[in-house]
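[1] Fold the following and give me the result.
(one chain, ligands or ions: 1)
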Amino acid sequence: MRGLRGRFLIAALVAIQALLAGPSAGHADPPPAQAPRTADYDIAVRLDPDAKLLDGRLRLTWRNPSTDSVPDLWFHLYLNAFRDRESTFWRESRGQLRDVPMLENGWGRIDVTALRIANGADLLPSLTFEAPDDGNRRDRTLARVRLPQPVAPGGSVDLEIAFTAALPKAYARTGYAGDYFLVGQWFPKIAVYEPAGVRGRAAGGWSAHQFHADSEFYADFGYYRVAITLPRRFVVGATGVRTARVDHGDGTTTHTYEQGDVHDFAWTASPRFVEITRRFDAAAEVSAQAYRDAAARLGRPVEALRLGDVEVRLLMQPDHLPQAERYLRATMRSIAAFGLAYGRYPYRTLTIVDPPEAAIGTGGMEYPTFITAGTIAPLNTWPLNRVYTPEIVVAHEFAHQYFQGMVASNEFEEAWLDEGITEWAAGWLVDEMVGADRSVLELAGLRVSDLDYQRLANHRGRGSEMIRQPSWSYDTGYAFNAYARPSLTLRTLDGLLGRRTMARVMRTYVERWRYRHPSSDDFYRVASEVAGRDLTPFFRQTIESPAVIDYAVGEITQENAYTAVTVRRQGDLQIPIVVAFKFAGRPVERRTWDGVARWTRFTFSYAEPLEWVDVDPDRKVALDVSWLNNGRVVAADRRAPIAMTSRWLLTVQQVLSWLAF
Ligand SMILES: [Zn+2]
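    Numbering: from 1, shown residues only. Take a look at the predicted model:
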């Protein structure tokens, strides 16, 4: 889901220095070809589009992945977030999300009407609602049932479940607007039983959370077969491959979709969608040079990097059609670039939903093989066609196919592994697609880049909140700590390690953790191993501390062919830093500092006057909270970047708030 920039762009659019000996290529173990089948679903659901009701039956096979005997099962019933003003979601969000307010009479709910072991015991009488996160006894988004017999280690259980659901009016992620339906988080979904050792657990147990205002996903992999029945006039899109379409004699149609190696299933329906299909033809979309470049960067043979074809299906709103090509171009670029960087997209299909403006709250969402984008009609034409929302949203949501879709981290507990890595990866791609100096927008001569944008939120006074922190435990810092701050942290790491090592870190992380559940520590371990040095101190400071980075030029004294320049560490965070010095008539001189002490002094015995000093001259330390104090012009010089910058940033802020109409 989109966060920080989403506030301006989606909802608003309703609007160092390489210190290394040389990177290791990382383990070249092929990623597992298939995900474990921990939770298989066979669902039949019927939509009543007038009453906005779902009537569903499902058969769930759950396999115990642990060596424990498991006595109970936990389920997410997330549509109950929209049930009433007592839900934890409502209390946290105060009835609005991403600046989109909840609509009157827009309540939704889900009721489990039957839950039994297949051909066996009725479990419904034992169902209780649980609230491990906040103790809210009125919340009904998490349910637990006791089993008459525990599920044995490695054993499985087959369940038959029936449910009815009322979809909410779409303002947050899921629901309807008129005859448009985006159906996500809609069925009783089993939580994740984490065996001992997974994500650092000492003992096995359920990782199950209520539905919160922030963060969404954590689930186990399995095979989904979903048969959706609704009136024939609807165009349907869903996770996976359509394996059957049967018209019944009564004006209804059943669309069956199937997909393995995924941990969720979402679908959409509207009679108004304009369907555009295009094949991602790997042979045409990826040049020999692109393969060679990726192979060199990753230290892999070209043959190990080959991508596969993907059937892309775009479901557009008629009034957004002038932007269809932009969506498609961004999609093709995303499949190619992320496939080369993180491994082949392993699914045959990708569906992109363009929601109507009345349901913009369902935009910018990620489900396996199924993403929702989001735009508004004014972006069809100049000058607003250079606000890169369609590109940004597609790149972001497609990046989620990797970070959280395949590398199934726990968004509730460590959202940055999901949103933060995605934000960084998408920023990097949109920089490549439209230009690193304008990757958010170009408007009236003004350019805003992804880096500018992320940095706007990063300043002193962000308080004591950290990147690694449960999503529901933030006061106001969720969006910053889940999106912008980790994105800036990864940019800083990229600057520290260099592009090639960074590429290998990310590749190795994805390959090792694909179809599994990594923690932040698992990420730190991969990064340290590939970089060939212990990066834990860097991560402890950036991910697990509220500390800020701020290096600044201090006093400068020059007399009698002696120059002394003090550089100060004004933040608590310590990082190796480069300082550049320019003396008249001499080449630029670069010196390094470990950045640990509160200050250091550089001295020179030159007769020539000092023209300027610049701390972190390549601006690799993206996390530095202020670049205004990094440089100082002493003597007259052509480069005077500093004073200009603050005025320019103010303008950017004005434009962005104007966009938030
Ligand atoms: Zn996201």
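
[2] any idea which element residue 490 lies in?
    Residue 490 belongs to helix 485-497 when assigned by DSSP states H and E.

[3] got the angle for the next helix or strand after that helix vs helix 485-497?
    Toward the C-terminus, helix 485-497 is succeeded by helix 499-513 as the next helix or strand (DSSP H and E). Helix 499-513 runs at 120 degrees relative to helix 485-497, counting by axes from the mean of the first three to the mean of the last three C-alpha atoms, to 10 degrees.

[4] can you give me how far the helix or strand following helix 499-513 is from the chain middle?
    Per DSSP H and E, the first helix or strand lying C-terminal to helix 499-513 is helix 520-531. Its chain's average C-alpha position is 19 Å from that of helix 520-531, according to C-alpha atoms, centre = their mean, to the nearest Å.

[5] Quick one: work out the angle between helix 520-531 and helix 485-497.
    Using the same axes, to 10 degrees: helix 520-531 against helix 485-497 is 20 degrees.

[6] And the spatially closest residue to residue 148 that is not a sequence neighbour, how far from residue 163?
    Nearest residue to residue 148 in three dimensions, chain neighbours excluded: residue 121, at 5.0 Å (C-beta to C-beta, 6 or more residues apart in numbering). To be clear about C-beta, it is placed using only N, CA and C from the backbone, and glycine gets the same treatment. Applying C-beta to C-beta, to the nearest Å, the value for residue 121 to residue 163 is 18 Å.

[7] Pull stretch 307-322 out as CSV, backbone CA atoms only.
    C-alpha atoms of stretch 307-322 as CSV (Å, rounded to 0.1, in the frame of the first residue of the first chain):
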residue,chain,number,x,y,z
LEU,A,307,12.9,-13.7,-17.6
GLY,A,308,9.6,-15.3,-18.6
ASP,A,309,6.6,-14.0,-20.4
VAL,A,310,3.6,-12.6,-18.4
GLU,A,311,0.1,-12.0,-19.5
VAL,A,312,-0.7,-8.5,-18.4
ARG,A,313,-4.3,-7.5,-18.0
LEU,A,314,-5.2,-3.9,-17.4
LEU,A,315,-8.8,-3.0,-16.2
MET,A,316,-9.2,0.7,-16.9
GLN,A,317,-11.8,3.3,-16.0
PRO,A,318,-13.1,4.7,-19.3
ASP,A,319,-12.2,8.3,-18.3
HIS,A,320,-8.6,7.4,-17.6
LEU,A,321,-8.0,5.7,-20.9
PRO,A,322,-5.4,8.3,-22.1
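
[8] Residue 415 is in contact with residue 403, correct?
    No - with contact defined as C-beta atoms under 8 Å, residue 403 does not reach residue 415; the gap is 10.9 Å.

[9] What about the residue nearest to residue 148, how many residues nearby?
    Residues near residue 121, counting by other C-beta atoms under 10 Å, number 13.

[10] Kindly state the pLDDT recorded for it?
    If you check residue 121, the pLDDT there is 97.

[11] I'd say it and residue 146 touch.
    No - taking C-beta under 8 Å as the definition, residue 121 is not a contact partner of residue 146, at 10.1 Å.

[12] Which residue is the nearest non-sequential neighbour of the residue nearest to the spatial centre of the chain?
    With the centre of the chain defined as its mean C-alpha position, the nearest residue by C-alpha atoms, centre = their mean is residue 419, 2.8 Å away. Sequence neighbours aside, residue 482 is the residue nearest to residue 419 in space, at 4.4 Å (criterion: C-beta to C-beta, 6+ apart).

[13] Check residue 61 too.
    Spatial nearest neighbour of residue 61, excluding adjacent residues (C-beta to C-beta, 6+ apart): residue 40 at 4.5 Å.

[14] tell me the secondary structure for that neighbour?
    Of the three states, residue 40 takes strand under DSSP: H, G, I helix; E, B strand; the rest coil.

[15] re the thing from before, quick one: the residue nearest to the centre of the chain and residue 411 touch, right?
    Yes - contact criterion C-beta under 8 Å: residue 419 and residue 411 qualify, at 7.3 Å.

[16] could you give me the average pLDDT of stretch 630-650?
    Averaged over stretch 630-650, pLDDT sits at 59.

[17] distance of the residue of the chain most remote from its centre from residue 606?
    Here the chain reaches farthest from its C-alpha mean at residue 560, the gap being 55.9 Å by C-alpha atoms, centre = their mean. As judged by C-beta to C-beta, residue 560 and residue 606 stand 11 Å apart.

[18] from the middle of its chain, how far away would stretch 547-557 be?
    Worked out by C-alpha atoms, centre = their mean, stretch 547-557 lies 33 Å from the chain centre.

[19] go on, stretch 423-436?
    That offset, for stretch 423-436, works out to 14 Å (C-alpha atoms, centre = their mean).

[20] Can you give the contact residues for stretch 431-440?
    By C-beta atoms under 8 Å, 6 or more residues apart in numbering, the residues outside stretch 431-440 that reach it are 5, 9, 330, 333, 337, 386-388, 391-392, 395, 427, 430, 447-453.

[21] what about 7 Å?
    Residues outside stretch 431-440 that contact it (C-beta atoms under 7 Å, 6 or more residues apart in numbering) are 330, 333, 337, 388, 391, 427, 430, 447, 448, 449, 450, 453.

[22] go on, stretch 603-618?
    Stretch 603-618 has contacts (C-beta under 7 Å, 6+ apart) with 551-553, 556, 558, 561-565, 567, 577-586, 624, 630-635, 637, 639.

[23] Can you get me the start-to-end distance on stretch 381-388?
    Start to finish, the residues bounding stretch 381-388 are 12 Å apart (C-alpha to C-alpha, to the nearest Å).

[24] And that stretch, what's buried?
    Buried residues in stretch 381-388, defined by neighbour count with 16 or more other C-beta atoms under 10 Å: 384, 387, 388.

[25] Output these as JSON lines; include the columns pLDDT, secondary structure and distance to the ion.
    JSON lines is the format used below for the buried residues of stretch 381-388 (pLDDT from 0 to 100; DSSP: H, G, I helix; E, B strand; the rest coil; distance: C-beta to the ion, whole Å):
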{"residue": "384", "pLDDT": "91", "secondary structure": "helix", "distance to the ion": "23"}
{"residue": "387", "pLDDT": "91", "secondary structure": "strand", "distance to the ion": "19"}
{"residue": "388", "pLDDT": "92", "secondary structure": "coil", "distance to the ion": "16"}
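
[26] Including distance to residue 188, could those go into TSV?
    Output for those, formatted as TSV (distance: C-beta to C-beta, whole Å):
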residue	distance to residue 188
384	42
387	40
388	39
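
[27] What about residue 431, how many residues nearby?
    The number of residues packed near residue 431 is 18, by other C-beta under 10 Å.

[28] For residue 86, which non-adjacent residue is closest in space?
    Using C-beta to C-beta, 6+ apart, the closest residue to residue 86 is residue 138 (3.5 Å).
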